[in-house]
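1. prediction below, plus the sequence it came from.
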Amino acid sequence: MHFEEYLKPVARDPHGLDELRSTLGAADLSVVNLETAITERGTPIGKEFHFRAPASALQTLANAGVDAVSMANNHGADFGAVGLRDTLAAKEDSPIPVVGIGADEAEAFAPATLEAKGVKVAVFGASQVYEMTLASWSADRDSPGIASASPLGRLRAAVTRASRTHDLVVVFMHWGLDYQQCPDRLSSSTARALEQAGADIVVGGHSHRVNGAGWLGRAYVAYGLGNFVWWRSREPDSRTGVLTLTVDPERARAKRSSAPAVTDARWTPMLVGTDGIPRQPREAADRTRLAGVWKQAATCSGLAQRP
């Protein structure tokens, strides 16, 4: 999600995304990838696309039913050191938790702790997309930036620690290749490593396409959900949806049980409109076609389609 071009007014309207409450906000907990710097200052870093939004966008998301956002992506530091300082200040004052970015490595890799129906949930954000942001704006022991999953060891260790203190561990990854509908080898190996480390849900983004999803051991993995609130509204960029996962609380608490905590997955197909906001298609033919995109993507995921 971002708030570029004709979406800029939405970020300043606290109720600009309220219509998403019936889909995105309908779950007990809802998490999104916020692919933008939170700043109105700074100098663009040397790359083709630069995304930013005012701090008010976080309230707009909260009012839409979003419970946490990940900013571990290749646009979280698009406006350099000044923009990053503003982003961290906005995080501090945010009405909802922001993960995957921080003043240092410890903060960037710290999960948000959420709770629903007695289930204690850890939410992480991390990026594995190797480009300028990961190379120059990854958080380390003494410097701010995003949580880098390259190498994977830091994230894997954080997931293992969280699995000991939380019932459910969710990792929101930025991974894969632009405009590809199937996961690459690195994403697949990362998903396996995170499942072994104790992750129950691993959801990814970056390809701008709907990718495959399913069960991998005890974890549910979704490699890509497409765009969502976005500045391009022509297919295939407009194909998107909401992934709703059902969790069994008892299985979540039984961490070493062989049964996965996620018992069911439901995909609600949507299309990004000309105003940049996704909606469920009205035409039955569109709904059927988009449901087919989701099913087709699963064929190359290598994941089980039943728990």
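-> It's in.

2. all contacts plus neighbour counts: C-alpha atoms, from now on.
-> Noted.

3. tally of neighbours for the residue lying closest to residue 297 once chain neighbours are set aside?
-> Excluding its sequence neighbours, the residue lying closest to residue 297 (C-alpha to C-alpha, 6 or more residues apart in numbering) is residue 212, at 4.4 Å. Residues within reach of residue 212, counting by other C-alpha atoms under 10 Å, total 25.

4. at the geometric centre of this structure, which residue sits there?
-> residue 33 (3.4 Å; C-alpha atoms, centre = their mean).

5. which residues does that residue bridge with?
-> Beta-bridge pairing for residue 33 (DSSP bridges): residue 70.

6. you'd agree it is up against residue 61?
-> No: look at residue 33 against residue 61 with C-alpha atoms under 8 Å: they stay out of range, at 11.1 Å.

7. please report the distance of the residue nearest to the centre of the chain from residue 57.
-> Separation of residue 33 from residue 57 (C-alpha to C-alpha, to the nearest Å) stands at 13 Å.

8. dihedrals phi and psi, the nearest residue to residue 53 once chain neighbours are set aside?
-> Setting aside the residues directly before and after it, residue 53 is nearest to residue 38 in space (C-alpha to C-alpha, 6+ apart), at 5.0 Å. Backbone dihedrals for residue 38, given as degrees, to the nearest 10, come out at phi -100, psi 90.

9. surely residue 38 and residue 75 touch.
-> No: applying C-alpha under 8 Å as the test, residue 38 and residue 75 come out as separate, 10.0 Å apart.

10. using the three-state scheme, assign residue 126.
-> strand (DSSP: H, G, I helix; E, B strand; the rest coil).

11. does it have beta-bridge partners, and which?
-> In beta-bridge terms (that is, DSSP bridges), residue 126 pairs with residue 173.

12. show the contacting residues for it.
-> Neighbouring residues of residue 126 by C-alpha atoms under 8 Å, 6 or more residues apart in numbering: 70, 72-73, 100, 109, 146-149, 155, 171-174.

13. ok, it to residue 15 distance?
-> The value you get for residue 126 to residue 15, if C-alpha to C-alpha is used, is 29 Å.

14. now intersect the contacts of residue 126 with the helices, please.
-> residue 155 (DSSP state H).

15. buried sites along stretch 153-173?
-> 155-156, 158-160, 162-163, 166-173 (16 or more other C-alpha atoms under 10 Å).

16. same check, this time on stretch 281-290
-> Buried residues in stretch 281-290 (16+ other C-alpha under 10 Å): 281, 287, 290.

17. ditto for stretch 24-41
-> For stretch 24-41, by 16+ other C-alpha under 10 Å, it's 24-25, 27, 29-39, 41.

18. CA atoms only: put that stretch into PDB for me.
-> Once non-C-alpha atoms are left out, stretch 24-41 reads as follows in PDB (Å, rounded to 0.1, in the frame of the first residue of the first chain):
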ATOM      1  CA  LEU A  24      -9.500  -5.700   5.000                       C
ATOM      2  CA  GLY A  25     -10.700  -4.600   8.400                       C
ATOM      3  CA  ALA A  26     -13.100  -7.500   9.000                       C
ATOM      4  CA  ALA A  27     -10.500  -9.800  10.600                       C
ATOM      5  CA  ASP A  28      -9.700  -9.900  14.300                       C
ATOM      6  CA  LEU A  29      -6.200  -8.700  13.200                       C
ATOM      7  CA  SER A  30      -5.200  -7.200   9.900                       C
ATOM      8  CA  VAL A  31      -1.700  -6.500   8.700                       C
ATOM      9  CA  VAL A  32      -0.400  -4.700   5.500                       C
ATOM     10  CA  ASN A  33       2.900  -3.800   3.800                       C
ATOM     11  CA  LEU A  34       3.200   0.000   3.800                       C
ATOM     12  CA  GLU A  35       5.500   0.700   0.900                       C
ATOM     13  CA  THR A  36       6.400   4.300   1.400                       C
ATOM     14  CA  ALA A  37       8.500   6.600   3.500                       C
ATOM     15  CA  ILE A  38       6.500   8.600   6.100                       C
ATOM     16  CA  THR A  39       7.800  12.100   5.500                       C
ATOM     17  CA  GLU A  40       7.200  15.400   3.700                       C
ATOM     18  CA  ARG A  41      10.900  16.300   3.600                       C
END
